[in-house]
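Novice: Sharing a model prediction with you, sequence too.
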Amino acid sequence: MSDDGGLWLLAAGPAGATALYWALYRYYRNTDKSHAFERETKVEAKPVTGSDSKVDEIKGTREKRIRGDNVTAYRTRVKRIRGDTS
Amino acid sequence: MPGQTGIDPATLPDPIRTELEAPDPVAIDTSSKELEDGVNRCPKCGSTDVRQKPGTDLLVCLYCRNQWQSTRVEEQFGLGEGLDQLRGTVIASGARDIAADAKSMMTFKCSGCGAEVTINTANAMTARCHWCRHVLGVNEQIANGAVPDAVLPFHIKKDDAVARIRQFVDKRRLFALKEFKEQFTPENVVGVYLPYMIVDGNASADIGGQGEIKTREYTQGSGDDKKTYYDADVYRVDRHVDFTVDDLPLESSVERGNLDTRTNTNNIINTILPFDTKNAVKWNASYLAGFTSEKRDRDVESLRPHLEDQLLSIARAQVEDSVKRYDRGVRWEQEQLDVYGTRWVSMYLPVWLYSYHQPGSNGGLLHYIAVNGRTGETMGSVPVQQWKLLTTALTVGTFIEGIALWIVGHSS
């Protein structure tokens, strides 16, 4: 085993303490909870339409996901394009 | 006349003309003319001692035991229909703008004896005349925002709410603040009608960004230098969705709408949404006898940015399934929302609230435990004993660190 792998283990104590603190704190205070209106509201949508076009290829990246992946972060707002009507 | 420019609209370009000639926002009139003198009489015997029958949507006359129900607004005003035909801003009469000079104190002349009775609509909607014992209720849709279009009566009874709160806290005792545990009396829970705007919407959204599909995964190097690499195709992704939203609840009080968890625990009350708003009945102050209420202080226009934000979130959730093939995820970069039509109805929704004030800097923090008065959904904020929580976390951390040190010591 290299020194690298061993030193990494030393972070386990502080990391465990922090994780436990936050998990318990959130269980008591529920600061992360809110109304899940995306799922709990009655929404009727027409079939989603759209387009997909290949624009680039990436070779040999070490990142597991696309940078800035926000496909499940519904409430994070991105640049708003204003149409004529609004 | 105000609003007139003196220019013939026919000479103006089309878009401006359409805007000028567009009709004023249409209102759904939900006012009850027969109740406007402030006296809710039993339709059978004429007594004013009328209350909600606990656990039901019925009103009961305490004098002759006659029972009846206020009409459901859903059917009477067609609130569940034609969502995809919705155009413009439709505002029900109880959701109209609050007049700047409107007072929350209202004085009634008791029609029983002529005495003057004052009701503070900021926290109550009924009062008993102390001379002749007539019950007076605020039913006229005055422009102070106190009278909504509809009300959803409590179904969860107090005993039930107390049991739910007790159960919620019993699961969170070990690290709870000592003072909180000592003073814990769930019997002090209060039934409150909180003001909401129930919004229907017809909108479409366009969302654009980039997505990646993995084409190859390989490792290079050996032993500890082994590294994983990925190849991917990058796509430009655009999505469009037309959708309608039925009965989205928005807090229509400035205080309750502030969900900043650093300064308040209003997110607790937000979490117990939604309510079965389809069953709401036309406003009748008698439903509020024995409960307190909070007054609406936000208008439709001030809630619109909040609504658009939620509509965009809903659109993002709707298109998620259509981008599943991008196994390396999608980064949305821009979004556009077109709202074609909205319909706004103001409602009082029933919440059982237990509160505990934790002293501290900046006035401390008010912790709520809330029970949905219809579904019984319970959520709460229990103050923690910081030193206890910290000690536990540090002890466990030290223990883990001990094991880590042992492993490191024995492996080298």
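Specialist: Noted; the coordinates are in hand.
Novice: so where's the chain shaky on pLDDT?
Specialist: Picking chain A for this. Within chain A, the segments meeting pLDDT under 70 span A:1-6, A:84-86.
Novice: um, chain B though
Specialist: Within chain B, the segments meeting pLDDT under 70 span B:1-9, B:19-27, B:33-38, B:141-142, B:412.
Novice: Report the buried residues of the strand ranked longest in it.
Specialist: Assignment by DSSP state E gives strand B:190-220 as the longest strand of chain B. Neighbour-count burial for strand B:190-220 flags B:191-214 (criterion: 16 or more other Cβ atoms under 10 Å in any protein chain shown). Backbone N, C-alpha and C define where each C-beta goes, glycine included.
Novice: Within reach of chain A, which of those residues are there?
Specialist: Among those, proximity to chain A is found for B:D206, B:G209, B:Q210, B:G211, B:E212 (Cβ under 8 Å from any Cβ of the partner chain).
Novice: How about the stretch 1-150 of chain B: which residue is closest to chain A?
Specialist: Proximity of the stretch 1-150 of chain B to chain A (Cβ to the nearest Cβ) peaks at B:L83, 7.1 Å away.
Novice: Next, count neighbours for that residue.
Specialist: Using other Cβ atoms under 10 Å in any protein chain shown, B:L83 has 19 neighbouring residues.
Novice: Would you map the helices across the stretch 201-350 of chain B?
Specialist: Along the stretch 201-350 of chain B, counting by DSSP state H, counting those that start in this stretch, helices occupy B:254-257, B:266-271, B:300-319.
Novice: could you dump those to JSON lines with distance to chain A?
Specialist: Formatted as JSON lines, those follow (distance: least, Cβ to the nearest Cβ, whole Å):
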{"stretch": "helix B:254-257", "distance to chain A": "12"}
{"stretch": "helix B:266-271", "distance to chain A": "4"}
{"stretch": "helix B:300-319", "distance to chain A": "4"}
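Novice: Which neighbouring elements make contact with the longest helix anywhere in chain A?
Specialist: Secondary structure of chain A per DSSP state H: the longest helix is helix A:12-29. Packing partners of helix A:12-29 (3 or more Cβ pairs under 8 Å, 6 or more residues apart in numbering or on different chains; DSSP states H and E): helix B:386-411.
Novice: contacting residues around residue 76?
Specialist: By default, I'm working from chain A. By Cβ atoms under 8 Å, 6 or more residues apart in numbering or on different chains, the contact set of A:T76 is A:N70.
Novice: that's the wrong chain, I meant chain B
Specialist: B:K282.
Novice: can we see that at 6 Å?
Specialist: Counting by Cβ atoms under 6 Å, 6 or more residues apart in numbering or on different chains, B:Q76 makes contact with nothing.
Novice: buried set for the longest helix of chain A?
Specialist: Buried residues in helix A:12-29, counting neighbours by 16+ other Cβ under 10 Å, are found at A:A12, A:G13, A:G16, A:A17, A:L20, A:Y21, A:L24, A:Y25, A:Y28, A:R29.
Novice: and the longest strand of chain B, which strands flank it?
Specialist: Here strand B:190-220 is paired, per DSSP bridges, with strand B:227-251 (antiparallel), strand B:292-293 (parallel), strand B:330-358 (antiparallel).
Novice: where's that strand relative to the chain centroid, distance-wise?
Specialist: Its chain's C-alpha centre and that of strand B:190-220 lie 19 Å apart, by Cα atoms, centre = their mean, to the nearest Å.
Novice: Stretch B:228-235 now?
Specialist: Chain-centre distance of stretch B:228-235: 43 Å, with Cα atoms, centre = their mean.
Novice: now the helices for chain A?
Specialist: With helices called from DSSP H, chain A shows them at A:3-9, A:12-29, A:37-40.
Novice: what about B:P15, how many residues close to it?
Specialist: 10.
Novice: Now do the phi/psi pair for it.
Specialist: Main-chain dihedrals, B:P15, degrees, to the nearest 10: phi -60, psi -40.
Novice: residues contacting it?
Specialist: By Cβ under 6 Å, 6+ apart, the contact set of B:P15 is empty.
Novice: May I see the buried residues of stretch B:262-270?
Specialist: So stretch B:262-270, judged by 16+ other Cβ under 10 Å, has buried residues B:N264, B:T265, B:N266, B:N267, B:I268, B:I269, B:N270.
Novice: contacting residues for residue 74?
Specialist: As the question left the chain open, I've gone with chain A. Shown in contact with A:Y74 (Cβ under 6 Å, 6+ apart): A:E38, B:S313, B:R316, B:A317.
Novice: Please refer instead to chain B.
Specialist: Contacts for B:E74 (Cβ under 6 Å, 6+ apart) come out as B:G80, B:K278.
Novice: The same query, at a cut-off of 10 Å, please.
Specialist: Remark: with contacts taken as Cβ atoms under 10 Å, 6 or more residues apart in numbering or on different chains, B:E74 is in contact with B:G80, B:E81, B:A150, B:D247, B:T277, B:K278, B:N279, B:A280, B:V281, B:V345.
Novice: among those residues, which two are most distant?
Specialist: Greatest spatial distance in the contacts of B:E74: B:E81 and B:V281, 18.1 Å, computed using Cβ to Cβ.
Novice: neighbour-wise, which of the two wins?
Specialist: Of the pair B:E81 and B:V281, B:V281 is the one with more neighbours under other Cβ under 10 Å, namely 20 against 12.
Novice: Grab the nearest non-local neighbour of the more buried one.
Specialist: Once flanking residues are discounted, B:V281 sits nearest to B:S70: 4.0 Å by Cβ to Cβ, 6 or more residues apart in numbering or on different chains.
Novice: hang on, that neighbour packs against B:P153?
Specialist: Yes - in this structure B:S70 lies within contact range of B:P153 using Cβ atoms under 10 Å: 8.8 Å.
Novice: hey, what's in contact with both of those two?
Specialist: With contacts taken as Cβ under 10 Å, 6+ apart, B:S70 and B:P153 have B:Q52, B:D57, B:L58, B:L59, B:A280, B:V281, B:N284, B:S286, B:Y287 as neighbours in common.
Novice: Run a quick neighbour tally on the first one.
Specialist: Residues within reach of B:Q52, counting by other Cβ under 10 Å, total 22.
Novice: Show the contacting residues for B:E333.
Specialist: Counting by Cβ under 10 Å, 6+ apart, B:E333 makes contact with A:G68, A:N70, A:V78, A:K79, B:I207, B:G208, B:G209, B:Q210, B:R236, B:V237.
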